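> what's the 3D shape of this:
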Amino acid sequence: MKQALILILVLFVSLGSHAQNLNPSEDEIYREGEVAIIHITMTPADKAFMLDDANVWYDEYLPAGLQFENSLMDTVLAFNVGVRLRGNTSRDQPKRSFKIKFKEYGGEKFYGYKKFNLKAENNDPSMIRELMTMQTFRKANVPAARTHHAEVYINGEYMGLYLNVEQLDDEFALSRFNYDEGNLYKCTWPATLEDDGQIYDDGPYELKTNEDLNDRSVLANFVKVLNNTADDDFEEAIEEVFNVESYLKYLAVEVLTGHWDGYSYNKNNYYLYENNSTGLVEFIPYDVDNTFGIDWVGRDWGTRDVLDWTKHGDPRPLSSKILARGKYFRQYKRILDSLLKGDFSEAYYFPIFNGFKSMLKEPLERDVYFPLTFGYSCTDFEDSYTQEVISHAPYGLKPYITTRTSKAREQIGLITGISAKVAARVDVYPNPTTGRTLLISSEKVIKEIELMDMMGRNKNFTVRSIDNSRYQLEFNLSSGIYVIYADGYPSRFIVK
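Model (predicted):
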């Protein structure tokens, strides 16, 4: 087990530091490379009441004590936290999921956190799909929850292996956006973001902060701009109210991980945050366990076209209107291309999968609740990394990555397949450049030039035409690798 722990931590450190990320790194609680131990203490009557099938929708917190242990701590809290069941489809499963609220009975925040979400991960025989998907979002610089595994005990009874998923609340907003006073909305089915008055319904758009004011004017303006702005004005208007760049990265991870239970396919499972410090609405993924090939709706998510991902015949204005713009569509493809050439690969995922399988095997073998929902066995857990073990998970984790990366590369062949043409079509020199200018030459007049860094972020520059085939670019860039897109054709260059 120690060897598996070391392997996972080394991979996280070496591959997670390519660029500054708005997501905080691991801390005292959220340590993905180890399994924590959580002891919950309740009265026997309260425990029986909470686990009774007749009370699965009871949402009041019951008083409890809590002990949390990992490699950094062994902390006991007094009998002043609250515990209840959590989730929707998981509530009536034999292996329940739990929510812990630390301040419910006069307690304090626990290492800065108000709540824990202990998820049973019943759909996933591998127990790591949600963790890996959230990690992939964070690595792409999309604001996303941190996670870690934990053995959970109630009154000494081992309830099984769980995933503790970071709560999306004002503490989360402060840690990601350095601002915690904006409205935070939990958006669930059927949250399409159409301009039809739907956003005032607290069912699909549940306001989680500033509930007493319930001022939805910022959200309403965003939805109005999204749905009603003329094409010629759309890009300028939407960028004034929404973080488009972050959303394009979200979309790329959504389609590569097969997160069909999110916005684009199932109009479900996301948060919106009004970051008033920037004036932009932020998009945050949520509940991402149905990923890496898991399917409940009869689709093959390993082969579905990454350029035609959204649900057909059902409005998804946020995805469809943004990707309808050539500028954003090209940027989206470049992000996909960058991910597929980087960490979304067999080389990255396979060693991590092996490490988690080794680390989780022993606590999973002792989990008597693990087999009760779908009949999983410990052998199924191990096999789920390499093959199908149940019909709703037709891919093992490794075969999914192999299929997804191969098909996605084919589907965005417009980028990955033109490298042979690029050298003859566009030349960039000097390369590397040590100055603040460079020249590009082309076989024909270039109509559009874009300059981006390796994360797909647009960079400012000025351009001057020297003649019909040569152009001079001037810029102020720090050292690094950049890409010039001349009429969509990429050419990389280095600034020293």
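> hey, where'd the strands end up in the stretch 301-450 of the chain?
In the stretch 301-450 of the chain, strands defined by DSSP state E, counting those that start in this stretch lie at 426-429, 437-442, 449-453, listed in chain order.
> buried sites along the longest helix that the chain contains?
For the chain, the helix with the greatest residue count under DSSP state H is helix 346-365. Neighbour-count burial for helix 346-365, counted by 16 or more other Cβ atoms under 10 Å, picks out 348-349, 352-353, 355-360, 363-364. Quick note: C-beta positions are derived from backbone N, CA and C, even for glycine.
> ok, back up a step: what's the closest of the strands of the stretch 301-450 of the chain to residue 194?
When the strands of the stretch 301-450 of the chain are ranked by distance to residue 194, counting by Cβ to Cβ, first place goes to strand 449-453 at 30.9 Å.
> would you mind checking the average pLDDT for the longest helix of the chain?
Computed over helix 346-365, the mean pLDDT rounds to 97.
> what do you get for stretch 303-315?
94.
> first-to-last residue distance for that stretch?
By Cα to Cα, to the nearest Å, the extent of stretch 303-315 from end to end equals 22 Å.
> which other residues reach that stretch?
Under the contact criterion Cβ atoms under 8 Å, 6 or more residues apart in numbering, stretch 303-315 has outside partners 192, 194, 251, 254-256, 258, 264-267, 316, 319-320, 333, 336, 403-404, 407-408, 411-412.
> nearest to residue 281, out of the strands of the stretch 301-450 of the chain?
Of all these, strand 449-453 comes closest under Cβ to Cβ, at 23.1 Å.
> just the CA coordinates for that closest one, please, in CSV.
Presented in CSV, the C-alpha positions along strand 449-453 are these (Å, rounded to 0.1, in the frame of the first residue of the first chain):
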residue,chain,number,x,y,z
ILE,A,449,-4.3,35.6,-37.5
GLU,A,450,-4.6,34.5,-33.8
LEU,A,451,-1.9,34.2,-31.2
MET,A,452,-2.3,31.9,-28.2
ASP,A,453,-0.4,30.3,-25.5
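> list of residues touching the following helix or strand past it?
Where DSSP states H and E defines the elements, the next helix or strand beyond strand 449-453 is strand 462-465. Contacts to strand 462-465, defined as Cβ under 8 Å, 6+ apart, come from residues 449, 471-475.
> partner strands of strand 462-465, parallel or antiparallel?
Here the strand partners of strand 462-465, with direction, are listed using DSSP bridges: strand 470-474 (antiparallel).
> residue 48: which of the buried residues of helix 346-365 is nearest?
Proximity of those to residue 48, judged by Cβ to Cβ, is greatest for residue 363, which lies at 24.8 Å.
> compute the number of surrounding residues for the nearest residue to that closest one once chain neighbours are set aside.
With Cβ to Cβ, 6 or more residues apart in numbering as the measure, residue 161 is the residue that lies nearest to residue 363, at 4.8 Å, once sequence neighbours are left out. For residue 161, the neighbour count with other Cβ atoms under 10 Å is 24.
> just the residues contacting the one helix or strand residue 161 maps to, thanks.
Using DSSP H and E, the secondary-structure element containing residue 161 is strand 157-166. Outside strand 157-166, the residues that touch it by Cβ under 8 Å, 6+ apart are 29-30, 35-36, 38, 95-98, 113, 116-121, 127, 130-131, 134, 145-153, 172, 360, 363-364, 366-370.
> now the buried members of those.
The neighbour-count criterion (16+ other Cβ under 10 Å) marks 29-30, 35-36, 38, 95-98, 113, 116-121, 127, 130-131, 134, 145-153, 172, 360, 363-364, 367, 369-370 among these as buried.
> narrow those residues to those in helices?
Among these, the ones falling in helices (DSSP H) are 130-131, 134, 172, 360, 363-364.
> as a markdown table, those residues with distance to residue 22 would be great.
Supplementary listing: these in a markdown table, determined by distance: Cβ to Cβ, whole Å:
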| residue | distance to residue 22 |
| --- | --- |
| 130 | 20 |
| 131 | 19 |
| 134 | 14 |
| 172 | 11 |
| 360 | 29 |
| 363 | 32 |
| 364 | 33 |
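> which two among these are spaced furthest apart?
Farthest-apart pair in those is 172 and 364; separation 28.6 Å (Cβ to Cβ).
> closest one of the ones in helices among the buried ones among the contacts of strand 157-166 to residue 288?
The shortest distance between residue 288 and any of these, using Cβ to Cβ, involves residue 130 and amounts to 5.4 Å.
> can you tell me, leaving aside adjacent residues, what's nearest to that closest one?
Using Cβ to Cβ, 6+ apart, the closest residue to residue 130 is residue 289 (4.3 Å).
> list the contacts for that neighbour?
Residue 289 neighbours (Cβ under 8 Å, 6+ apart): 119, 121, 123-124, 129-130, 133.
> what do you get if the cut-off is 10 Å, keeping everything else the same?
If you count contacts by Cβ atoms under 10 Å, 6 or more residues apart in numbering, residue 289 has them with 90, 119-124, 127-131, 133-134, 163, 165, 259, 261, 269.
> so how far is residue 218 from it?
Counting by Cβ to Cβ, to the nearest Å, the gap from residue 289 to residue 218 is 30 Å.
> same check on residue 266?
Taken as Cβ to Cβ, the spacing of residue 266 relative to residue 218 amounts to 25 Å.
> same deal with residue 382?
For residue 382, the distance to residue 218 under the criterion Cβ to Cβ works out to 48 Å.
> again, but for residue 147
When distance is defined by Cβ to Cβ, residue 147 is 29 Å away from residue 218.
> check residue 293 too.
Noted for residue 293: a distance of 37 Å to residue 218, by Cβ to Cβ.
> these two: which has the busier surroundings?
Between residue 293 and residue 218, counting by other Cβ under 10 Å, residue 293 is the more crowded of the two (23 against 18).
> give me the element that one is part of.
Secondary-structure assignment from DSSP H and E places residue 293 in no helical or strand segment.
> number of nearby residues for the spatially closest residue to it that is not a sequence neighbour?
Setting aside the residues directly before and after it, residue 293 is nearest to residue 395 in space (Cβ to Cβ, 6+ apart), at 3.1 Å. A total of 23 residues lie near residue 395 under the criterion other Cβ under 10 Å.
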